[in-house]
Every structure is written in C-alpha cells, then in structure tokens.
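> here you go, sequence then predicted model.
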Amino acid sequence: MLSKFKLGLIAFLIVGLLVACSTESPTSGGGDDSEDDGEIHIGLAVSTQNNPFFVTLKEGAEAKADELGVELTVVDAQDDAATQLSSIEDLIQQDIDVLVVNPTDSEAVVSAIETANDAGIPVVTVDRSADGGEVVAHVASDNVDGGEMAGNFIVEQLGGEGNVVELEGIPGSSAARERGEGFHNIVDEESGIEVVAQQPADFERSEGLTVMENIIQSNSDFDAVFAHNDEMALGALEALEAAGMEDVIVVGFDATDDAVAAVEAGTLDATVAQQPAIIGEQGIEAAVSIANGEEVEEFLPVELDLITE
C-alpha cells in the first residue's frame, strides 16, 4: 500500500506535468522545431547580380528590409530562367511570407509564380512584370514612357532625318518589349527616321560590343543607337570608338553610375534614369504591407528622367 505522502507526491507531479503541457506554445510544434517569433520573411528572386542596375535594386531592398526589421533572403538567377524557377521553389520551401520577383523572362517565370500562388504565398514583381500568374503588386518605372523619351531625344538630335540602330534586351523580358514599344511609338511616326538594324544583345555590355561590331561590319550607315539598357550602350560605344564612328548618337537606359559618368564625359549622349534602389525599397514596402494584411495598389510607379549632361 502507498502511503498518503507518496500518493500526494504523485498527484502533485501529474498536475505539474499537465500544466507544463498546456502552456507549450501552439506554434512550437513540439520536438526541436524553433518557436515562431512572428518575424516577416520575404524572398527576393533577382534576375542577375552581374548587372549594376540589379545590384543597386537588391541593395535598396536589403536596406529597406533592415529598416523595417524583416528577414530577407535573396537568390540570383544569373540571367537563367530555369535557375530562377529552381531558386523560387527553394524560397517557397523556406516558408517565406511574400515572394518578390525580378523576372529573368516574363513568360518563363509564370510557372514559378503559379507555384507560389498554389502555396498561398503572395507575389510582388519589381522592374520587370510577369505574363501570368496572380501578382498582387508590380513596382517599376514606365518602360514604355522611357522608350518614348529616348525616341524623342534621338528624333530631336537628328532633326527628324537619319538611320537608327536598336540594341534590344533579353527576348521575352517585359523591359525589352516595353522599351522597344515606346521607342517605336515615336520613331515609326517619323517618315525621315529609319531603323536599319534591330538585334538583341541580352542587356550585357560584352554582347553590346559584339553585336555592334557585327552591325558596323554589315552596314555602317547609321546616325544613332538606342540601347535598351546602359550596359549594351556602353558596349556599343566601345565598338563605335574602335571603328572611328564617334559622331554617332548613343542613348542608353537605367542611368547606372558608369553611364552617368559617360554622359558627363560627353561620350554617351543620354540615358533614361530609373531609380533601382527605390524600386527595391518599394518592393519590400509593398511586401511588408501585404504580409500585414494591408491593401496595396496593383501598380506602384517609380519616376523616370532623361539625363543628357
């Protein structure tokens, strides 16, 4: 027979055990899982970090995440659509609260966005849009407007008469489509302006150099170049200088540090100024608002300007 003391001790221990179990955090999941501290976790999928524009965009996002006290995980697709899909799937497995995407390819990214949709993760796109999937908000400059700025500048500089070369960005990217659309909205209405060559150079400086060299070899009779970004414009400048064609007007897009320096030096005629740091910042701000259950606008525009000096 157990003594009353021992029975009382056993009862005390049982009650204590029940109390301990009842006070365990419902979000801890038991075992060795860490307790959810309520911190917002955002995933940022960037198209590339080999382009200074997107480096600045990422840095803007990181600075805003630090300021707002949220966790940010960044993945780099290295301009490869398949890599971006895989890296977004990895972010989804990390239980992010919101996915922010800078698409490498606006069409190819759709399946990744749909995967996030299926997982119940809201999506924000930055700089480049997606061709499908459910996107809560898009943060970008108006690329069509920027292309029109470049077109108007070239028409004015040529006095409405001349041949123009267009260096296009990555085929399938919204930025390439929209900047080209805006540019052609202007030049196609000018009877004295003819676009004599249109070739993609994938937003890369080395490709801009190579493509421009090939164009010069096949037809050097042109007066201006519009490149869908500054990296291609700077590559084109190298080829033109090597060919002794320093009177050709060259216009870029993005206003990267190198491009602005080239404008100030008089070698690049103009660049359409985006603000990549602000695009990154606003992408994170939108993501945090969404995670907190707040309404955001579907399109959050970032102002453009044309730098000519």
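Structure's in. What do you need? Residues are numbered from 1 along each chain as shown.

> if I pick residue 302, what's in contact with it?
139, 140, 141, 274, 275, 278, 279, 282 (C-beta atoms under 8 Å, 6 or more residues apart in numbering). Every C-beta, even on glycine, is put in place using the N, C-alpha and C of the backbone.

> among those, which one has the lowest pLDDT?
The lowest pLDDT within the contacts of residue 302 belongs to residue 274, with 87.

> all strands for the stretch 51-200 of the chain, in order.
71-76, 98-101, 123-126, 137-140, 162-168, 193-200 (DSSP state E, counting those that start in this stretch).

> tabulate those (a markdown table), appending distance to residue 151 and mean neighbour count.
Output for these, formatted as a markdown table (distance: least, C-beta to C-beta, whole Å; neighbours: other C-beta atoms under 10 Å):
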| stretch | distance to residue 151 | mean neighbour count |
| --- | --- | --- |
| strand 71-76 | 32 | 17 |
| strand 98-101 | 29 | 27 |
| strand 123-126 | 25 | 28 |
| strand 137-140 | 19 | 24 |
| strand 162-168 | 9 | 23 |
| strand 193-200 | 9 | 16 |
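
> to residue 183, which of these lies closest?
strand 162-168 (6.7 Å; C-beta to C-beta).

> quick one: average pLDDT of the closest one?
98.

> who are the packing partners of that strand?
helix 174-187, strand 193-200, helix 205-218, strand 224-227, helix 230-242 (3 or more C-beta pairs under 8 Å, 6 or more residues apart in numbering; DSSP states H and E).

> that strand pairs with which strands?
With DSSP bridges as the test, strand 162-168 is paired with strand 193-200 (parallel), strand 224-227 (parallel).

> need these in a markdown table (columns: distance to residue 175 and mean pLDDT).
Output for the strands paired with strand 162-168, formatted as a markdown table (distance: least, C-beta to C-beta, whole Å; pLDDT from 0 to 100):
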| stretch | distance to residue 175 | mean pLDDT |
| --- | --- | --- |
| strand 193-200 | 12 | 98 |
| strand 224-227 | 12 | 98 |
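
> about what we covered before: ok, which pair from the contacts of residue 302 is furthest apart?
Taking C-beta to C-beta, the two most distant members of these are 274 and 282; they sit 12.2 Å apart.

> coming back round to it: any chance of the strands paired with strand 162-168 in TSV, plus distance to residue 247?
Putting the strands paired with strand 162-168 into TSV (distance: least, C-beta to C-beta, whole Å) gives the following:
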stretch	distance to residue 247
strand 193-200	16
strand 224-227	10
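
> ok, the residue nearest to residue 236 when sequence neighbours are not counted - contacts?
Distances taken as C-beta to C-beta, 6 or more residues apart in numbering place residue 212 nearest to residue 236, at 4.2 Å, with adjacent residues excluded. Applying C-beta under 8 Å, 6+ apart to residue 212 gives the contacts 165, 167, 201, 225, 235, 236, 238, 239, 240.
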